[in-house]
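Asker: Fold the following for me, if possible:
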Amino acid sequence: MNTPMQFRPAITFLLTLLLSPALVQAQDGPPRDNPYDVIGKVFQPFWSVLLAATNSPNKACILTMEITEVTGRLPAQMVGATLHAAVQFPDKVRLQAPVMGETITVCRNGDDVWAIPGAKVEFLLNQFKVKPGRTPKSKTPLYLPITAQQAIFLPAIFTVARADVAEVETLNGEEVRVITAGLMPELAKATKAEGFQARMWVGPGYIPRKMEVKQPDFTAVVVIRELSFGPALKDSTWQPPEGVTDVYRTSADMLDAVLFVVMNSLKMNEGDQPWMNAK
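Answerer: Below you'll find the predicted structure:
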């Protein structure tokens with residue numbers, strides 16, 4: 001992405017919303033309850049994957065999502081990029097993304113991070129002059145700036161547009177609830193995100209189908225293609241494929257930096273020089 005540091009919270013926000021379980025309860029149609037309750041029910045089930053040990057048996061999630069639209073400072077090459085992600089509590093995450101004509105895989109397995117093809121990942125790390133520092137130590141798959149206790153109050157940080165109306169649309173032949181929200185004014189001002197807006201399309205069972213994130217200088221739309229939850233993934237998920245020797249290896253505190261250079265290079269070619277625009 002011509003995806004400066006400010007876009008990292010948007011990526012985290014999207015991944016967080018998309019890592020929700022297949023079903024919370026049976027529904028005949030889209031959720032029509034209070035929008036803050038809908039947001040809470042979309043978020044709540046994935047805490048056992050991203051934030052804390054809970055009584056839920058589901059500790060792992062896999063998903064496939066496609067970037068279908070970008071505007072503003074985000075490069076048009078990103079459109080059509082399909083990302084495959086897997087997460088498992090407490091310390092495993094894997095992302096596959098298209099970069100420079102092939103699929104790059106980044107994986108955290110406990111205290112270790114590996115990526116393939118290693119030579120290409122190392123090339124990107126050397127080219128990007130701006131990238132995150134070391135990831136704060138965390139007993140969760142990804143570092144998130146909230147705790148499990150704080151997550152309970154997460155819906156309260158949003159200001160929902162037309163909160164008194166249950167807006168419903170048809171998406172791919174299915175009726176979905178549409179919720180549009182920004183940050184509450186005090187938080188938006190404190191974080192210099194007054195222009196932030198998110199829109200979420202929610203299907204029956206509080207399943208997120210589509211997400212749109214807007215900032216004053218860009219828009220990004222992501223569609224969820226596949227989503228499944230379970231107790232755990234195969235151990236081989238977190239290891240390089242057998243026989244592959246071109247593997248870049250580093251420690252878990254470099255996860256943010258490796259993910260940053262990959263996400264900023266989605267569907268790019270070397271001639272696009274994505275490292276020149278990252279901030």
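
Asker: Mind checking the pLDDT average for the helix or strand hosting Thr68?
Answerer: Element membership for Thr68, per DSSP states H and E: strand 60-72. Per-residue pLDDT over strand 60-72 has a mean of 95.

Asker: After it, which helix or strand is next?
Answerer: Downstream of strand 60-72 (by DSSP H and E), the next one is strand 82-88.

Asker: contacting residues around that following strand?
Answerer: The contact list for strand 82-88 (C-beta atoms under 8 Å, 6 or more residues apart in numbering) reads 15, 18-19, 49-50, 59-67, 92-98, 141-142, 225, 232-233, 237-238, 266. All C-beta atoms are positioned from the backbone trio N, CA, C, and that covers glycine.

Asker: If any of those residues are buried, put those into a PyMOL selection.
Answerer: The following PyMOL line selects those of the contacts of strand 82-88 that are buried, judged by 16 or more other C-beta atoms under 10 Å:
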select buried, resi 15+18+19+49+50+59+60+61+62+63+64+65+67+92+93+94+95+96+97+98+141+142+233+238+266
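
Asker: any low-confidence regions in the stretch 1-150 of the chain?
Answerer: Scanning the stretch 1-150 of the chain with the threshold set as pLDDT under 70 gives 1-28.

Asker: the strands in it, which residues?
Answerer: 60-72, 82-88, 92-99, 102-109, 112-116 (DSSP state E, counting those that start in this stretch).

Asker: Kindly reformat the ones you listed as TSV and extend each row with distance to Glu167.
Answerer: Formatted as TSV, those follow (distance: least, C-beta to C-beta, whole Å):
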stretch	distance to Glu167
strand 60-72	20
strand 82-88	28
strand 92-99	32
strand 102-109	37
strand 112-116	41
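
Asker: show me where the stretch 151-279 of the chain has strands.
Answerer: Under the criterion DSSP E, counting those that start in this stretch, strands of the stretch 151-279 of the chain are mapped to 158-160, 168-171, 174-183, 197-203, 207-215, 218-230, 248-251.

Asker: Parallel or antiparallel, which strands does the last one pair with?
Answerer: Read that as strand 248-251. Strand 248-251 has the following sheet partners, assigned by DSSP bridges: strand 112-116 (antiparallel).

Asker: Pull the partner strand out as PDB, backbone CA atoms only.
Answerer: Extracted in PDB, the C-alpha atoms of strand 112-116 (Å, rounded to 0.1, in the frame of the first residue of the first chain):
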ATOM      1  CA  ASP A 112       9.800 -17.000  16.200                       C
ATOM      2  CA  VAL A 113       8.800 -15.300  12.900                       C
ATOM      3  CA  TRP A 114       9.600 -16.800   9.500                       C
ATOM      4  CA  ALA A 115       8.700 -15.700   6.000                       C
ATOM      5  CA  ILE A 116       9.000 -17.100   2.500                       C
END
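
Asker: relative to strand 92-99, how tilted is that strand?
Answerer: On the basis of axes from the mean of the first three to the mean of the last three C-alpha atoms, to 10 degrees, strand 112-116 is oriented at 20 degrees to strand 92-99.

Asker: Tell me which residues of strand 112-116 come out buried.
Answerer: Val113, Trp114, Ala115, Ile116.

Asker: With distance to Met200 as new columns, can the residues you listed be given to me in JSON lines?
Answerer: Formatted as JSON lines, the buried residues of strand 112-116 follow (distance: C-beta to C-beta, whole Å):
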{"residue": "Val113", "distance to Met200": "30"}
{"residue": "Trp114", "distance to Met200": "33"}
{"residue": "Ala115", "distance to Met200": "31"}
{"residue": "Ile116", "distance to Met200": "33"}
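
Asker: Between the residues you listed, which sits nearest Thr191?
Answerer: Distance to Thr191, by C-beta to C-beta, is smallest for Val113 among the buried residues of strand 112-116, at 28.1 Å.

Asker: Quick check: the closest one vs Thr135, distance?
Answerer: Distance, Val113 to Thr135, by C-beta to C-beta, to the nearest Å: 9 Å.

Asker: any common contacting residues for the two?
Answerer: Here Val113 and Thr135 share the contacting residues Ala252, Met254, Leu255, scored by C-beta under 8 Å, 6+ apart.

Asker: Confirm for me that the second one is in contact with Arg134.
Answerer: So the one you mean is Met254. Yes: counting by C-beta atoms under 8 Å, Met254 touches Arg134, with 6.5 Å between them.

Asker: quick one, which of the two is more surrounded?
Answerer: Met254 (20 against 12; other C-beta atoms under 10 Å).
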